[in-house]
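> all I have is the shape, not the residue letters:
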């Protein structure tokens, strides 16, 4: 199949799924139940698995492994980042029924921004190969920082873009029926727009970690893009599932830290030793399995005591 046609068909699929998601299945603003969020998360993961099979049929085993590894990395990084989203929602006292809508529009923005980051990152590495070492150091640093700064208080109110926005545009004190703007004596923004603004700027920071992590696996632009998009598409349902199961993932940040350090190291030594993609996938999957199992066992011990 022609690669350009594959790009077109994939983006049509993404647009169709987003339209069905908000326009049909979640037209009414309401918080997903745990059962619903787990079911939707399973659906998105199943679709990603089916796409990996399609990649195998189209480009072979190596491409399917690269997509799967990139997807696992993105999904695991997203899981930890979703806890930050939860803190942001609590800070702004965002009503439960509006959380899904904010995440939806946040994901639209994330898709656009990630596409730009991906094309820029792949282009830079192909033109200036030494940049891969900068990305590697960044990932190792991010992994270490994740552990050292765990538990630090996050204040979305200190977001510089948010503070500038408040100076330029007046903001209502209350949420207004899911609207981002309202017209009164003049045009006002609502707190809902502020939440979206913080989510979008926070995602830019997340992308600085996640995009280089997938670039350590492959420089195939389509694989990097599709693995990112599939992980992003499942974020909303994953958010509601994880917000209900936070105790089960108590040690997940340690696993994410190890994944970042491993992938960063893979980049740093790539000139001297190439770690096979299947080995990378096994290591990353093993790290996440160990940390999730340890979290579950620790939670069970706390319940019994």
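Cool, got the structure. Bear in mind the structure is a predicted one, so any value in this text is a computation, not a measurement.

> any chance you could map the strands in the chain?
Secondary structure of the chain (DSSP state E): strands located at 181-183, 187-189.

> where does the stretch 101-250 of the chain have low pLDDT?
Residues of the stretch 101-250 of the chain that meet the criterion pLDDT under 70 lie in 149-159, 243-249.

> right, and residue 65 touches residue 281 too?
Yes - the criterion here is CB atoms under 8 Å, and residue 65 meets it with residue 281 at 6.2 Å. From N, CA and C alone the C-beta is placed, and that goes for glycine too.

> which one's more surrounded, these two?
Between residue 65 and residue 281, counted using other CB atoms under 10 Å, the more crowded position is residue 65 (22 against 19).

> and that one, how far from residue 282?
10 Å (CB to CB, to the nearest Å).

> tell me the most buried of the strands of the chain?
By mean neighbour count, with neighbours taken as mean count of other CB atoms under 10 Å, strand 187-189 ranks first of the strands of the chain at a mean of 15.

> hmm, who's touching it?
With contacts defined as CB atoms under 8 Å, 6 or more residues apart in numbering, strand 187-189 is touched by 165, 169-172, 180-182.

> going by neighbour count, which of the residues you listed are buried?
For the contacts of strand 187-189, a neighbour count by 16 or more other CB atoms under 10 Å gives the buried set as 165, 172, 180.

> from residue 162, how far out is the second one?
Put plainly, it is residue 172. Distance, residue 172 to residue 162, by CB to CB: 15 Å.

> on that earlier part again, dump the contacts of strand 187-189 into JSON lines; add distance to residue 6 as well.
Listed next are these as JSON lines, based on distance: CB to CB, whole Å:
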{"residue": "165", "distance to residue 6": "39"}
{"residue": "169", "distance to residue 6": "41"}
{"residue": "170", "distance to residue 6": "47"}
{"residue": "171", "distance to residue 6": "43"}
{"residue": "172", "distance to residue 6": "45"}
{"residue": "180", "distance to residue 6": "35"}
{"residue": "181", "distance to residue 6": "38"}
{"residue": "182", "distance to residue 6": "43"}
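
> residues contacting residue 191?
Going by CB under 8 Å, 6+ apart, residue 191 touches 92, 94, 171-175.

> can I get the buried part of these as one ChimeraX selection?
Remark: buried members of those, expressed as a ChimeraX selection using 16+ other CB under 10 Å:
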select :92,94,172,175
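
> put together a markdown table for the contacts of residue 191, with distance to residue 217 on each row.
Written out in a markdown table, the entries for those read as follows (distance: CB to CB, whole Å):
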| residue | distance to residue 217 |
| --- | --- |
| 92 | 35 |
| 94 | 35 |
| 171 | 42 |
| 172 | 45 |
| 173 | 47 |
| 174 | 46 |
| 175 | 41 |
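
> residue 204: what's it in contact with?
If you count contacts by CB under 8 Å, 6+ apart, residue 204 has them with residue 113.

> including distance to residue 266, could the strands of the chain go into JSON lines?
Listed next are those as JSON lines, based on distance: least, CB to CB, whole Å:
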{"stretch": "strand 181-183", "distance to residue 266": "46"}
{"stretch": "strand 187-189", "distance to residue 266": "43"}
